[in-house]
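Undergrad: here's a sequence, model it:
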Amino acid sequence: MGVLALFGAVFTIPPAVADGVRDLRLSVNGEDRRYVVVTPEGVSGPAPVVIALHGAAQTPESFRAYFGLDAAAAAHGFVAVYPEGEGRVWNDGRPAAMRLKMVLRPGDDVAFLVALARSLAEQGIADPARIYLTGISNGGFMVQRMACEHAELFAAYSSIMATAPANYREECKPDRPVPIQFIHGTADSVIAYSGFWTPVGATLSAPESARLFARINGCGASTQRELPHLDVTDVTAATLRRWDNCRDGSAVELISIERGGHQPPARVDTKPDLATPFLGLRGRDVDSGEEIWRFMSAFGGTVAVPPGLGAVTPASRPGAVAAPSRPVAVPLPPQSPLRGNRTDAVVRPAASADQRGISAQ
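TA: Coordinates of the predicted model:
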């Protein structure tokens, strides 16, 4: 279908529960997609929204309990939204074999996230100019795909425990500068901080991933500083490297968790995943939710809103959270540089320390 083709999106909203958590559905291209909306007490729409994408095999519920984003949402007055990937995975921008597509069937996730952003605006939940996207691991790779393909849709991005696919050096061509944050542990044994190479594809290192987007955004030189060591029982340490003086006021930053494993840092109480003991150390000097919001909240209000996103309807007036009473047509995302251009050719390792190690993640 072409750019102007339409597909149906049907919203079904059950009654809100007492703690502001709603389990919602969205039909996109024949797929019944699920997402969980968490609205802190006292927050009414249209409000800032952070959409958070889980890692492979997680559910919205397990990710929500593990990530700790709800605490930041309550403290700063934004809505947290947790979509579910088809088969609990995301169709991110890495070559298919690197994300186990042979055994897992991801959904039409680009279309789903585009439709979800519009749905949240039309329901009056989201301020369309202040919708943000974050994710961890497989979800973090999906964040970067959306940054490359739909830079106009989200005001800022945060990718945690996920580095840029090497093919993005040629294929990632967003239509505007992309404010983006990376958070990554230097001892991550699942998605290597230093990048990795396989016969079917490669990823860049975390620093090179940030530098890639700094080049895309036309940023100036970076600055670096150590973050305060707040937890004396924590053997990790955090360093912030930031690129400013970027086009259109954008920015790029990388928070490196020294000795940190494949886990998002958190200072709030969370419920650990079953796999947590095998994922390495979890930093406690910084909190992912707080750092995400600190970075993202500087952007929004001037982001270009795509046609049809956030149209004024009775449900989108301040304080209203009612769903549309009839199906809403959502534009099909346009063809992107990351679609149709990728080949199955073997990716050769670059002669650089930015691609080391092996991973089947």
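
Undergrad: what does Phe67 show for phi and psi?
TA: Backbone torsions of Phe67, given as degrees, to the nearest 10, read phi -80, psi -40.

Undergrad: so it touches Ile136, yeah?
TA: Yes: the criterion here is Cβ atoms under 8 Å, and Phe67 meets it with Ile136 at 7.1 Å. No exception for glycine: its C-beta is placed from N, CA and C like everyone else's.

Undergrad: now for those two: what residues contact both?
TA: Counting by Cβ atoms under 8 Å, 6 or more residues apart in numbering, the common neighbours of Phe67 and Ile136 are Pro264.

Undergrad: sketch out the low-pLDDT regions of the stretch 101-250 of the chain for me.
TA: 101-106 (pLDDT under 70).

Undergrad: okay, strands next: where are they in it?
TA: 126-136, 157-160, 180-185, 196-198, 201-203, 222-226, 237-243 (DSSP state E, counting those that start in this stretch).

Undergrad: show me what the fourth one packs onto, helices and strands only.
TA: The one in question is strand 196-198. Judged by 3 or more Cβ pairs under 8 Å, 6 or more residues apart in numbering; DSSP states H and E, strand 196-198 is in contact with no other helix or strand.

Undergrad: and if you look at the second one?
TA: Under the contact criterion of 3+ Cβ pairs under 8 Å, 6+ apart, strand 157-160 touches strand 126-136, helix 138-149, strand 180-185, helix 288-296.

Undergrad: now it, how far from the centre of its chain.
TA: Between the centre of strand 157-160 and the centre of its chain there are 5 Å (Cα atoms, centre = their mean, to the nearest Å).

Undergrad: please enumerate the helices of the protein.
TA: 60-67, 69-76, 109-122, 138-149, 168-171, 206-216, 288-296 (DSSP state H).

Undergrad: tabulate the helices and strands packed on strand 157-160 in JSON lines, adding columns for mean neighbour count and distance to Arg211.
TA: Formatted as JSON lines, the helices and strands packed on strand 157-160 follow (neighbours: other Cβ atoms under 10 Å; distance: least, Cβ to Cβ, whole Å):
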{"stretch": "strand 126-136", "mean neighbour count": "26", "distance to Arg211": "20"}
{"stretch": "helix 138-149", "mean neighbour count": "27", "distance to Arg211": "14"}
{"stretch": "strand 180-185", "mean neighbour count": "28", "distance to Arg211": "10"}
{"stretch": "helix 288-296", "mean neighbour count": "23", "distance to Arg211": "17"}
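
Undergrad: would you turn these into TSV with distance to Phe278?
TA: Converted to TSV, these look like this (distance: least, Cβ to Cβ, whole Å):
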stretch	distance to Phe278
strand 126-136	16
helix 138-149	17
strand 180-185	14
helix 288-296	20
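
Undergrad: quick one: residues contacting Ala214.
TA: Contacts for Ala214 (Cβ under 8 Å, 6+ apart) come out as Ser222, Trp243, Cys246, Val252.

Undergrad: out of the residues you listed, what pair is the most spread apart?
TA: Farthest-apart pair in the contacts of Ala214 is Ser222 and Cys246; separation 10.8 Å (Cβ to Cβ).

Undergrad: Trp90 contacts Phe141, correct?
TA: Yes: Trp90 lies in contact with Phe141 (Cβ under 8 Å); the separation is 7.1 Å.

Undergrad: what residues are shared contacts of the two?
TA: Listed as contacting both Trp90 and Phe141 by Cβ under 8 Å, 6+ apart are Gly135.

Undergrad: list the contacts of Thr163.
TA: Thr163 sits in contact with Phe182, His184, Ile191, Ala192, Tyr193, Gly195, Thr203, Leu204, Ser205, Ala206, Glu208, Ser209, where contact means Cβ under 8 Å, 6+ apart.

Undergrad: which residues are contacting stretch 271-287?
TA: 58, 62, 65-66, 68, 71-72, 185, 187-190, 227-231, 233-238, 255, 257, 259-268.

Undergrad: could you check how far Glu61 is from Asp109?
TA: Applying Cβ to Cβ, to the nearest Å, the value for Glu61 to Asp109 is 19 Å.

Undergrad: more neighbours: which of the two?
TA: Asp109 (23 against 15; other Cβ atoms under 10 Å).

Undergrad: for burial, what's the neighbour tally of Phe278?
TA: Each residue near Phe278 was counted by other Cβ under 10 Å, and the total is 11.

Undergrad: please report how far it lies from Ser189.
TA: From Phe278 over to Ser189 (counting by Cβ to Cβ), the distance is 9 Å.

Undergrad: what do the two both touch?
TA: Counting by Cβ under 8 Å, 6+ apart, nothing touches both Phe278 and Ser189.

Undergrad: ok, now which ones touch Ala126?
TA: The contact partners of Ala126, taken as Cβ under 8 Å, 6+ apart, are Gly45, Pro46, Ala47, Pro48, Val49, Val79, Ala117, Leu120, Gly310.
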